[in-house]
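A.B. asks: Pasting the sequence and the predicted coordinates here, then a few questions.
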Amino acid sequence: MIRSPAMTFGLALAAALPLFASAQLTANLGLTSNYKFRGQDQDTSRQRAVKPALQGGFDYAFGDTGWYVGNWNSSVDWLSGNSLEADLYGGYKFKAGGMDLDLGALTYVYPGNHHGNTTELYGAASFGPLTAKYSHAVSRDYFNWAGAQAGSGLKGRNTGYLNLAYAHEIAPQTTLKAAVGYTHFAGDIHRQGVPHYVDYSVGGAYDFGGGLALGAAVVGANHKAFFGDGNKARLVVSLTKTL
């Protein structure tokens, strides 16, 4: 039997209805005193500790299937002509061998200047309070470090980032958090003299209930002599609300 495109779409939609019926949508809003990504300031227009950023997004989980998609956004100022970072991601969460596993893909989009656009594949494993996550760049460039989209002929693909994180509730509604990360740049970037570097974060969060939480952490990275004050350790305070 030959099916029309409309019939094929209708059958696919009918098959997907159970997933949509059990889907769970959550949203989040946040304000931070300084948006740092992998230890580096995402507002390089001002050389000061407090550079507020407005953030927010949503997560859409397909019930108990483990599949999810989401979007997260933040104000930024490190690319000319651009003031927004928009992250689009999707993946699959499951359990194996007593661990919580998460596999997915994430694209960082900078609408005003596409030279920063970067796509990564990631995998994470959590066991108790510990989480290890590795992200691997598959786009031609890595946040414009190679200048691939500007026609440099260089590539940022295969830049990797490993993060080890610890989170443990030390008192009712109070969680201690610590993390260390390592960025290993692709050869075309590293050969230009850009050093691989380590970032860190030590702090905690207090849950007020109702989805409202206050967080504070000292965040920074090494190789400040090369990267400048953007890698300087800062006390970052954030207020988030989950809806």
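C.D. replies: Looks like it came in fine.

A.B. asks: make it CA atoms for all contacts and neighbour counts henceforth
C.D. replies: Will do.

A.B. asks: got a list of what the nearest residue to residue 143 once chain neighbours are set aside touches?
C.D. replies: Once flanking residues are discounted, residue 143 sits nearest to residue 116: 4.3 Å by CA to CA, 6 or more residues apart in numbering. Going by CA atoms under 8 Å, 6 or more residues apart in numbering, residue 116 touches 79, 108-110, 141-144.

A.B. asks: Just flag the most distant two among those residues.
C.D. replies: Spatial extent of the contacts of residue 116 (CA to CA) is set by the pair 79 and 141 at 14.4 Å.

A.B. asks: of those two, who's got more company?
C.D. replies: residue 141 (26 against 20; other CA atoms under 10 Å).

A.B. asks: who touches that one in this structure?
C.D. replies: By CA under 8 Å, 6+ apart, the neighbours of residue 141 are 116-118, 147-149, 155-157.

A.B. asks: Could I get the average pLDDT for stretch 150-163?
C.D. replies: The average of the pLDDT scores along stretch 150-163 is 97.

A.B. asks: Any buried residues in that stretch, and which?
C.D. replies: Buried residues in stretch 150-163, counted by 16 or more other CA atoms under 10 Å: 154-163.

A.B. asks: ok, those residues vs residue 175, which is closest?
C.D. replies: residue 163 (18.6 Å).

A.B. asks: in which helix or strand would I find that closest one?
C.D. replies: Using DSSP states H and E, residue 163 falls within strand 160-171.

A.B. asks: Identify all contacting residues around the following helix or strand past that strand.
C.D. replies: Later in the chain than strand 160-171, the nearest helix or strand by DSSP H and E is strand 174-184. Strand 174-184 has contacts (CA under 8 Å, 6+ apart) with 38, 159-170, 196-207.

A.B. asks: let's see it at 6 Å
C.D. replies: If you take CA atoms under 6 Å, 6 or more residues apart in numbering as the criterion, strand 174-184 is touched by 159-169, 196-206.

A.B. asks: Give the pairing partners of that strand; include direction for each.
C.D. replies: strand 160-171 (antiparallel), strand 197-209 (antiparallel) (DSSP bridges).

A.B. asks: Which of these sits closest to residue 134?
C.D. replies: Nearest of those (CA to CA): strand 160-171, 4.5 Å.

A.B. asks: chain center to that closest one, what's the gap?
C.D. replies: Centre-to-centre, strand 160-171 and its host chain are 14 Å apart (CA atoms, centre = their mean, to the nearest Å).

A.B. asks: Pull that strand out as CSV, backbone CA atoms only.
C.D. replies: Taking Å, rounded to 0.1, in the frame of the first residue of the first chain, the C-alpha atoms of strand 160-171 are listed here in CSV:
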residue,chain,number,x,y,z
GLY,A,160,37.9,18.4,24.6
TYR,A,161,36.7,19.5,28.0
LEU,A,162,36.7,17.2,31.1
ASN,A,163,34.9,18.2,34.3
LEU,A,164,34.8,16.5,37.7
ALA,A,165,32.2,17.7,40.1
TYR,A,166,31.2,17.0,43.7
ALA,A,167,27.8,18.0,45.3
HIS,A,168,26.8,16.9,48.8
GLU,A,169,24.1,18.1,51.2
ILE,A,170,25.9,19.1,54.3
ALA,A,171,22.8,20.5,56.2
